[in-house]
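Asker: Please find the sequence and the predicted model below.
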Amino acid sequence: MGSRLSTRLLNICISCFCKVKKLEKAEVTLVDGIRLGVIPDVVTYNILIAAYGRFVSFHEAYSVFHRMLKAGIRPDVISYNSLIACATKRCEVTLSHNLFEEMQQVGVYPNVWSYNMLMDCNFRVGNPAEAWKVYHDLIGSNISPSPTTYHILMNGLCKYGYPKRALDLFRTLVKHGCKPCLEAYNILINGLCQGGRLKDAARIVKKLRGSGYDLDPIAYTTVMKCYSRSGKFKKAIDLFSEMKSKGLADAFAYCTVIGAYVKMGRLKEAEEYMEQMMQNGIQVDSVCDNNLINLYCRQNLEAANGLVDEIERGGWVCDEYTHAILVDGLCRAGNFERAQQHIQYMDAMGHLNLVAYNSLIDRLCKSGQTNRAMEIFESMELKDSFTYSSLVHNLCKKQLFRTACKLLLSCAENGIKTLISAKWAVIQAHTMNCGKIRRVCDPLLDHDWLTGKVQAFLDQLFRNPDYCRHVRMEAGR
């Protein structure tokens, strides 16, 4: 009895160290316990596996699992679930499936959480069909699904464009006597709104109110955003008034209703709500502020600058994204001189803003000022993959294929990875000008960053001249 209590105390101590991320002290405690004759059990190792998987890496978690096997302790379903959770967090879907199969082979039966994590992992990597198959396997194994099972399913189905299937699943649950929780309603409302099914979302909101629940700030803000995006500003404002009367209006709700007024061009009302929010002591983060500034820039650039000044007076410091938004707004208005001056001001202050530079180059190219964009590009000391990719795409649109190809090659030589779409843009653009394909695309074959798909495309292009005409005809359609 004493030994069992000592093991329990050992587990409590190790768990406490793991919770505060002091894994080295947890390991020392384990060693000290063994020296004192306290034998660790499966719970001891499960605590360590979970901690290493959450805070360090899968490799370290699996090494603890291996130590447990060497100590002669048989892993249980929690051991495997901890490893699957770690693999799921890192979107290692093959590894998750392998662990799931391994646990069954060694006689450890998966529980509902094993299936839940496997479904979640498949949704994370963009494989909803396999996730749905895992759900059917769960039903076939006579294990009762948990509420989390349905939350994962509905969220995943909505995310990958199946809101109707998620809605059917929800209705089936209700039909069989299951009472969905508030989280389930929020997931479905958000998914239906994102999928543009506003009427269905409104019905679910009505059903939620009739089921004894009341809308929480998340549900309110989700529906408000949906109304605002679809141009139903009055409904969004009415919903905010209802939310405000219940004392539920938070920073996100205020930002949403301010955004609705800005989109309607009613900047005075937007400013009134901004002042009201500040008077109520509601703090907003930089993401909310930048979103509002972006909306103002699209409607009235001077009002956006005024908003920045007002926010700065409140103690908020503009970040690089705020300046990039202002530069983009100036470029949209065609005021490239002022945009460039703003960037030069940032450079003088010691704040190199690549996002702002990339926006300026992209807007210059789209306005037909490619030479000026190239001059700014050449003057930049630091460039990233988006700088190159944006310029390559715009050069291809202007049929400056050779310049685009040289730019792409210099990018590879400097060790900068560009987007695969930029590489394709150069190659496919040359199919419109068959005589130059071999001469300009030959250098591309010397670089190892081409994917097998691109290599196959070029090989077929060079071996079969008729293929070039076929591609040009397809593009013409």
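Answerer: Nice, thanks for sending it over. Worth saying up front: this structure is predicted, and the values here are computed from it rather than measured.
Asker: buried ones in stretch 98-116?
Answerer: Judged by neighbour count using 16 or more other C-beta atoms under 10 Å, the buried positions of stretch 98-116 are Leu99, Phe100, Met103, Val108, Pro110, Asn111, Trp113, Ser114, Tyr115, Asn116. For the C-beta atoms, the positions are set from N, CA and C on the backbone; glycine is no exception.
Asker: mind checking how far it is from the chain centre?
Answerer: Centroid separation for stretch 98-116 versus its chain: 29 Å, with C-alpha atoms, centre = their mean, to the nearest Å.
Asker: Now do the end-to-end distance for that stretch.
Answerer: 15 Å (C-alpha to C-alpha, to the nearest Å).
Asker: Glu60 contacts Tyr52, correct?
Answerer: Yes - assessed by C-beta atoms under 8 Å, Glu60 is found in contact with Tyr52 at 4.3 Å.
Asker: Looking at these two, which is more packed in?
Answerer: Legend: neighbour count by other C-beta atoms under 10 Å for Glu60 and Tyr52, higher for Tyr52 (24 against 17).
Asker: Could you pull up the contacting residues of the more buried one?
Answerer: Residues in contact with Tyr52 (C-beta atoms under 8 Å, 6 or more residues apart in numbering) are Leu23, Glu60, Ala61, Ser63, Val64.
Asker: Quickly check those for the two that are furthest apart.
Answerer: Leu23 and Ser63 (12.1 Å; C-beta to C-beta).
Asker: The two - which one has more neighbours?
Answerer: Taking neighbours as other C-beta under 10 Å, Leu23 and Ser63 compare with Leu23 leading, 18 against 15.
Asker: mind checking pLDDT for that one?
Answerer: Note on Leu23: pLDDT of 95.
Asker: which residues sit in contact with it?
Answerer: For Leu23, counting by C-beta under 8 Å, 6+ apart, the contacting residues are Phe17, Leu48, Ala51, Tyr52, Phe55, Val56.
Asker: how about 6 Å then?
Answerer: The contact partners of Leu23, taken as C-beta atoms under 6 Å, 6 or more residues apart in numbering, are Ala51.
Asker: and the contacts of Tyr52, which of them are in helices?
Answerer: Under the assignment DSSP state H, the contacts of Tyr52 contribute Leu23, Glu60, Ala61, Ser63, Val64 to helices.
Asker: do you know how far the second one is from Ala85?
Answerer: Spelled out, that is Glu60. As judged by C-beta to C-beta, to the nearest Å, Glu60 and Ala85 stand 14 Å apart.
Asker: again with the last one
Answerer: When C-beta to C-beta is the yardstick, Val64 and Ala85 sit 14 Å from each other.
Asker: and the two? which has more neighbours close in?
Answerer: For Val64 versus Ala85, the count of surrounding residues by other C-beta under 10 Å is larger for Val64: 25 against 22.
Asker: Identify the residues contacting that one.
Answerer: Taking C-beta under 6 Å, 6+ apart, we find Val64 in contact with Leu48, Ile49, Tyr52.
Asker: what's the average pLDDT for the strand or helix carrying Leu408?
Answerer: Assessed by DSSP states H and E, Leu408 sits inside helix 401-413. The predicted model assigns helix 401-413 a mean pLDDT of 72.
Asker: how far out from the middle of the chain is it?
Answerer: Distance of helix 401-413 from its chain centroid, counting by C-alpha atoms, centre = their mean, is 30 Å.
Asker: per-residue confidence for the residue lying closest to Asp137 once chain neighbours are set aside?
Answerer: Once flanking residues are discounted, Asp137 sits nearest to Tyr115: 7.0 Å by C-beta to C-beta, 6 or more residues apart in numbering. We have a pLDDT of 96 for Tyr115.
Asker: what distance separates whatever helix or strand Tyr115 lives in from the centre of its chain?
Answerer: Assigning secondary structure by DSSP H and E places Tyr115 in helix 112-124. Distance of helix 112-124 from the chain centroid (C-alpha atoms, centre = their mean) equals 18 Å.
Asker: any idea which helix or strand comes after it?
Answerer: Downstream of helix 112-124, the next assigned helix or strand under DSSP H and E is helix 128-140.
Asker: other SSEs contacting that next one?
Answerer: In terms of contacts (3 or more C-beta pairs under 6 Å, 6 or more residues apart in numbering; DSSP states H and E), helix 128-140 is packed against helix 112-124.
Asker: Now stretch 44-63: buried residues?
Answerer: For stretch 44-63, burial by neighbour count (16+ other C-beta under 10 Å) applies to 44-53, 58, 60-62.
Asker: do stretch 242-261 as well
Answerer: Neighbour counts over stretch 242-261 (16+ other C-beta under 10 Å) mark 243-244, 248-261 as buried.
Asker: With respect to Lys225, which of those residues is nearest?
Answerer: Lys225 has its nearest neighbour among the buried residues of stretch 242-261 in Thr256, at 5.5 Å by C-beta to C-beta.
Asker: which helices and strands does the helix or strand where the closest one lies pack with?
Answerer: Take DSSP H and E as the rule and Thr256 turns out to sit in helix 251-263. Packing contacts for helix 251-263, counted by 3+ C-beta pairs under 6 Å, 6+ apart, involve helix 217-229, helix 233-245, helix 267-279, helix 286-299.
Asker: Find the residue at the geometric middle of the protein.
Answerer: Arg124 (10.2 Å; C-alpha atoms, centre = their mean).
Asker: Just to check, it is in contact with Cys91?
Answerer: Yes - Arg124 sits in contact with Cys91 when judged by C-beta atoms under 6 Å, with a separation of 5.0 Å.
Asker: pLDDT value on Val77, please?
Answerer: According to the prediction, Val77 has pLDDT 96.
Asker: Which residue, other than its chain neighbours, is closest to Leu36?
Answerer: Of all residues not flanking Leu36 in the chain, Ser6 sits nearest, at 7.9 Å (C-beta to C-beta, 6+ apart).
Asker: State the number of residues packed around that neighbour.
Answerer: So Ser6, with other C-beta under 10 Å, has 15 neighbours.
Asker: elements contacting the lengthiest helix in the chain?
Answerer: Determined from DSSP H, the single longest helix within the chain is helix 2-19. Packing partners of helix 2-19 (3+ C-beta pairs under 6 Å, 6+ apart): helix 23-35, helix 42-55.
Asker: List the buried residues for it?
Answerer: Buried residues in helix 2-19, counted by 16+ other C-beta under 10 Å: Thr7, Leu10, Asn11, Cys13, Ile14, Ser15, Phe17, Cys18.
Asker: can you give me the mean pLDDT across that helix?
Answerer: 83.
Asker: Now find how far off-centre stretch 393-401 is within its chain.
Answerer: Remark: stretch 393-401 is offset 30 Å from the chain centroid, using C-alpha atoms, centre = their mean.
Asker: Pull out the buried positions in that stretch.
Answerer: Using 16+ other C-beta under 10 Å as the test for burial, stretch 393-401 gives His393, Asn394, Leu395, Cys396, Leu400, Phe401.
Asker: In terms of helices and strands, where is Val392?
Answerer: helix 385-397.
Asker: name the helices or strands packed onto that helix?
Answerer: helix 354-366, helix 401-413, helix 420-430.
Asker: before we move on, back to that, any residues in contact with both of Glu60 and Tyr52?
Answerer: In contact with both Glu60 and Tyr52: no residue, using C-beta under 6 Å, 6+ apart.
Asker: what about the stretch 1-150 of the chain, any weak spots by pLDDT?
Answerer: 1-5 (pLDDT under 70).
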